[in-house]
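1. Dropping the sequence and predicted coords here.
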Amino acid sequence: MDVEKKNAFEEGYSVIEIDEDKLIPCPVCDAVNIDKGKKNTCRRCGSAIYHHRSFSTEKSWAYLITAMIAYIPANLYPMLVTSAFGTRDESTILGGVVLLWELESYPVAAIIFFASIMIPIMKFLILIYLLISVKYPIGKDKKVNKHKLYYMTEVIGPWSMIDVFVVAILAALIHLSSVEIVAGTAATAFAISVFFTLLAAHAFDETLIKDNR
Amino acid sequence: MKIENEDALDNFVICHKCFTLNKEIPIKDGSKAYCSECGAILYRYDSKLIDHGLALSITGLIFFVLANLFPLIQIDLLGSEQFITIPKTIFSLFDNGFYIVGLICIFLIFIFPLMIFIINMILFMLLKMQRGEKITKELLVLLSHITPWSMTDIFFISILVALVKLIAFGQIHIGIAFWALMIFVLIDIYITKNIHLSEIWMLRKRMLLKKDTA
């Protein structure tokens, strides 16, 4: 342990000498804390600061794999089922994007494409990269700021919920006997996928990224 | 690096974007401190933070109630008028058997945003009255856990996307709740951008110090 207490008796107060690398922020309240290894609680808010060093990445891996599994049915099953005057039309996420593109509403098609396809896949890839790179020396020589990468995933992550909300609004608004929109199986799968990617990102221990400091 | 005791660590800030250790310095009223490495905002100093926060959270709550009571969008579909409110949107998910999606939505767009604004209001009231040493701590911890899960801003963008998709179906009327939600989202964004949780922690510390010396 680098934390050393040196009692300066002649001056009447104690001095703690610490390595700057041993200072970590509390994940809950951002207060600067000394990294004491296992069993560390924040001095300001009392929250646990990553107690689980022994299985630090496994928790995040578990959530991430769940999210990736849920993402498969989210793309295969229909997201939106439109039935108008007897004809039933099912569209998947990608199908919906293509349809919007063909209807020449390009900005909306782009938004849905980014929110439902680009962002989840980017998040999966970034989290996989981060989780591997904190354990194994991959890309250590490259100048990638992993903290910024992680920050980015946290900011863009929730935006993939757009499609689920859109489906909820459409299904709630249009339900006549002749014209009806119903949410598809993919809505549940997609919501679960997004929920677990968010959990995976929150469970990731940011203090494990050391080499970029 | 040498410090006198652990409390002296309060004089340091770690940038939430790039993890650089910065020393906290006193700054002028209304100005911001930036990270020395990446230029992200570290903290602000606002001498009227309590009043601003209280006013914003009460206004936000009023608009949140309005946004949930009044119709959001109305559509004239084959001669019949259909409208939705935010609670109706969520409950129709339950009616159609989408319990998981419904549960996720009810938390993300109703319970968490409401909780955040109520907690903010209670927090600033307690700080204004200079009491509640323990409860302010509990509330701040709770607040930091639920803040990433509030998604009213995303829901608002979803409404816009849904509107574009709805044009094909019939005449659309935008309801009062739409505008109320817009103002609520703007207030929500303003609060998350301008009142950082660490600033409330600093405020709480100053309050406790003042109480000790008094």
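-> Sure, I can see it.

2. what's the span of stretch B:11-31, first residue to last?
-> Stretch B:11-31 has an end-to-end distance of 18 Å (criterion: Cα to Cα, to the nearest Å).

3. So what does residue 183 look like in phi/psi?
-> Answering for chain A, as no chain was given. A:A183 adopts backbone torsions of phi -70, psi 150, taken as degrees, to the nearest 10.

4. Just list the residues touching it, thanks.
-> Neighbouring residues of A:A183 by Cβ atoms under 8 Å, 6 or more residues apart in numbering or on different chains: A:79-81, A:167-168, A:171, B:93, B:96, B:98, B:101. C-betas here are computed from N, CA, C, even on glycine.

5. For my notes, please list the residues you listed in TSV and give neighbour count for each entry.
-> Formatted as TSV, the contacts of A:A183 follow (neighbours: other Cβ atoms under 10 Å in any protein chain shown):
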residue	neighbour count
A:M79	26
A:L80	24
A:V81	17
A:V167	29
A:A168	28
A:A171	25
B:L93	26
B:N96	17
B:F98	24
B:V101	26
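
6. Locate the residue most central in space within chain B within the secondary structure: which element?
-> Nearest to the mean C-alpha position of chain B, by Cα atoms, centre = their mean, lies B:D188 at 4.6 Å. According to DSSP states H and E, B:D188 maps onto helix B:176-194.

7. still on that earlier bit, how much space separates the residue nearest to the residue nearest to the centre of chain B when sequence neighbours are not counted from A:V134?
-> Computed as Cβ to Cβ, 6 or more residues apart in numbering or on different chains, the closest residue to B:D188 that is not its neighbour in sequence is B:T152, at 5.9 Å. Going from B:T152 to A:V134 by Cβ to Cβ, to the nearest Å gives 33 Å.

8. What is the burial count for the residue in chain B that chain A sits nearest to?
-> Proximity of chain B to chain A (Cβ to the nearest Cβ) peaks at B:S158, 3.4 Å away. Neighbour count of B:S158, defined by other Cβ atoms under 10 Å in any protein chain shown: 25.

9. just checking, B:S47 touches B:K28?
-> No: using Cβ atoms under 8 Å, B:S47 makes no contact with B:K28, being 10.0 Å away.

10. any idea how chain B splits into domains?
-> Domain assignment for chain B by automatic domain parsing gives B:1-45, B:48-213.

11. looking at those, which is buried most?
-> domain B:48-213 (a mean of 18; mean count of other Cβ atoms under 10 Å in any protein chain shown).

12. starting at the chain centroid, how far to it?
-> Relative to its parent chain, domain B:48-213 has a centroid offset of 6 Å by Cα atoms, centre = their mean, to the nearest Å.

13. Sketch out the helices for chain B, chain order is fine.
-> For chain B, the helices defined by DSSP state H occupy B:49-69, B:86-95, B:99-106, B:112-129, B:133-146, B:152-166, B:176-194, B:197-213.

14. again, but for chain A
-> Under DSSP H, chain A gives helices at A:56-76, A:93-102, A:106-113, A:119-135, A:146-156, A:162-173, A:185-203.

15. Can you pull out the low-pLDDT segments for chain A?
-> Applying pLDDT under 70 to chain A flags the ranges A:1-16, A:37-38, A:50-56, A:138-144, A:210-213.

16. For it, which residue gets nearest to chain B?
-> Proximity to chain B, evaluated over chain A using Cβ to the nearest Cβ, is greatest for A:F165 at 3.4 Å.

17. Was I right to think that residue contacts B:F156?
-> No: taking contacts as Cβ under 8 Å, A:F165 lies outside contact range of B:F156: 9.2 Å.

18. A:Y77 reaches A:A186, doesn't it?
-> Yes: contact status for A:Y77 versus A:A186: in contact at 4.2 Å, counting by Cβ under 8 Å.

19. Between those two, which is the more surrounded one?
-> Neighbours per residue (other Cβ under 10 Å) separate A:Y77 from A:A186, with A:A186 holding more: 28 against 17.

20. For stretch B:206-214, give me every contacting residue.
-> B:127, B:130, B:133.

21. Find the nearest non-adjacent residue to the last one, please.
-> Of all residues beyond its chain neighbours, the one nearest B:E133 is B:L208 (6.4 Å), with distances taken as Cβ to Cβ, 6+ apart.
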